[in-house]
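**Q** Dropping the sequence and predicted coords here.
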Amino acid sequence: MCKLFDEWAGEIENYCKINGFDFEKAKKLSQSWNKTSLGLGYHDPEKGKAGLIDDTPIPLVLYIEKNIDGTLNFIQTEHTRKYLL
């Protein structure tokens, strides 16, 4: 897991509980991050076996960004419910 997920794990778990999502599923999603944001995406092990040659994008499930005041902003996508319920 990435450092941001580890740092924000308590808040992510709380968000999942409030919204009825499965935190254990969230922990297993692919992670992409920078200094102030974290994207969780679903990687289908049956697709994209050739890596970048396949050019198979993974659906973004949940986007989390840190606001200037230090709070987290959670942005759901059309894939959130499908992969986190």
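**A** Now that the structure is in, tell me what you want to look at.
**Q** which parts of the lengthiest strand in the chain are buried?
**A** Longest strand in the chain, counting residues (DSSP state E): strand 60-66. Using 16 or more other Cβ atoms under 10 Å as the test for burial, strand 60-66 gives 60-64, 66. For every residue, glycine as well, the C-beta is placed using N, CA and C.
**Q** Check which strands are paired with that strand and give the direction for each one.
**A** According to DSSP bridges, strand 60-66 forms sheet pairs with strand 37-41 (antiparallel), strand 72-76 (antiparallel).
**Q** Closest one to I12 out of the buried residues of strand 60-66, please.
**A** Set against I12, the nearest of those by Cβ to Cβ is I64 (6.9 Å).
**Q** Was I right to think that closest one contacts T36?
**A** No - I64 is not in contact with T36 according to Cβ atoms under 8 Å; the separation is 9.6 Å.
**Q** Around F74, count how many other residues there are.
**A** 15 (other Cβ atoms under 10 Å).
**Q** How about the contacts made by the closest residue to W8 other than its chain neighbours?
**A** In space, and not counting its chain neighbours, W8 is closest to L72: 6.2 Å by Cβ to Cβ, 6 or more residues apart in numbering. Residues in contact with L72 (Cβ atoms under 8 Å, 6 or more residues apart in numbering) are 8, 11-12, 15, 64-66.
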